[in-house]
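Engineer: A predicted structure for the sequence below; I have some questions about it.
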Amino acid sequence: MIILITGGAGPTGQAVAARFSKDGHTVISVDKDDVDLLDRSAVQELASRIEAEHGRVDGVVHLVGGWRGGKTFAETDLDDWTALHDLLVRTLQHVSLAFEPLLRKSEKGRFVIVSAKAAERPTAGGACYAAAKAASEAWVMSLADGLRDSPAAATILVVKALLNDAMIAAKPGAAFAGFTHVNTLADAVAGLYDRPGTQINGTRLDLTQ
């Protein structure tokens with residue numbers, strides 16, 4: 001399979017890449033140093049290059065993220081909204097619009113984002129973050145509706161927060177209650193290929209349970 005990971009430089013992207021590479025799949029991992037995901041023409045050019053080389057994409061795992069927030073609702077800084085909108089929403093829009101046609105060419109195309117429990121229960125100081133995550137989820141649900149006539153699927157994986165080995169090493173006694181390890185997330189992404197697209201298209205899979 002041909003798997004594209006956007007925002008792939010961090011621990012989560014590395015875990016997903018390792019999971020698919022281990023099984024012999026072709027992994028294309030890009031980050032901001034490789035392509036500006038806020039530049040729609042650059043993202044479209046990336047899609048065209050991948051199509052020319054591989055003819056399709058079997059998976060797009062969109063991992064561009066970030067968090068900004070304050071202590072109270074009244075102290076919300078709308079500059080945080082601008083930044084999070086670009087990171088969490090605009091990059092998603094560019095990537096999904098460019099790669100939807102390539103996912104349709106696959107017999108098992110999968111589009112995946114990671115969302116947060118905060119989208120369901122926003123905190124007073126996290127209004128911008130929660131709103132951006134909710135907007136991202138709505139966008140993916142629209143993509144899922146558009147894929148209903150194909151074997152492809154768009155799915156949202158929900159976490160409280162992500163955990164990696166460096167975090168554990170830095171705080172060996174911490175409980176990290178409710179956190180999802182990046183390796184568990186990677187397994188969940190791979191597991192989407194074990195289920196028919198009709199079962200997972202337009203679904204939110206909660207990894208905190």
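Structural biologist: Alright, I've got the coordinates.

Engineer: what comes up buried for the top helix by length along the chain?
Structural biologist: Taking DSSP state H as the criterion, the chain has its longest helix at helix 127-146. Within helix 127-146, the residues that count as buried by 16 or more other Cβ atoms under 10 Å are 127-137, 139-141, 143-144. Every C-beta, even on glycine, is put in place using the N, C-alpha and C of the backbone.

Engineer: distance of residue 137 from residue 37?
Structural biologist: 18 Å (Cβ to Cβ, to the nearest Å).

Engineer: Looking at the protein, name the residue that lies furthest from the middle.
Structural biologist: Distance from the centre of the chain peaks at residue 74, with 29.8 Å (Cα atoms, centre = their mean).

Engineer: Okay, and that residue sits in which element?
Structural biologist: For residue 74, there is no enclosing helix or strand under DSSP states H and E.

Engineer: Tell me who's in contact with it.
Structural biologist: Counting by Cβ atoms under 8 Å, 6 or more residues apart in numbering, residue 74 makes contact with nothing.

Engineer: If we use 10 Å, what do you get?
Structural biologist: 124-125 (Cβ atoms under 10 Å, 6 or more residues apart in numbering).

Engineer: residue boundaries of the strands in the protein?
Structural biologist: Per DSSP state E, the chain carries strands over the ranges 2-6, 26-30, 59-62, 110-116, 153-159, 162-163, 180-181, 203-206.

Engineer: Distance check, the most centrally placed residue in the chain against residue 203.
Structural biologist: Geometric centre of the chain, nearest residue: residue 113, 2.6 Å, by Cα atoms, centre = their mean. Distance from residue 113 to residue 203, counting by Cβ to Cβ: 12 Å.

Engineer: Give me the common contacts of those two.
Structural biologist: 154-157.

Engineer: Leaving out sequence neighbours, find the closest residue to residue 21.
Structural biologist: Among residues not flanking residue 21 along the chain, residue 27 sits closest, at 5.2 Å (Cβ to Cβ, 6 or more residues apart in numbering).

Engineer: What does residue 164 show for phi and psi?
Structural biologist: Dihedral pair for residue 164: phi -130, psi 170, per degrees, to the nearest 10.

Engineer: Please give me every residue in contact with the nearest residue to it once chain neighbours are set aside.
Structural biologist: Excluding the flanking residues, the one nearest residue 164 by Cβ to Cβ, 6+ apart is residue 11, at 3.8 Å. Contacts for residue 11 (Cβ under 10 Å, 6+ apart) come out as 63, 162-167, 181-183.

Engineer: Could I get the pLDDT score of residue 11?
Structural biologist: Per-residue pLDDT puts residue 11 at 95.

Engineer: cool, the one 4 residues further on as well?
Structural biologist: Here, the pLDDT recorded for residue 15 equals 97.

Engineer: Tell me, how many residues neighbour it?
Structural biologist: 22 (other Cβ atoms under 10 Å).

Engineer: and the nearest residue to it once chain neighbours are set aside, how far is that from residue 127?
Structural biologist: Of all residues not flanking residue 15 in the chain, residue 182 sits nearest, at 3.9 Å (Cβ to Cβ, 6+ apart). Using Cβ to Cβ, residue 182 is found at 27 Å from residue 127.
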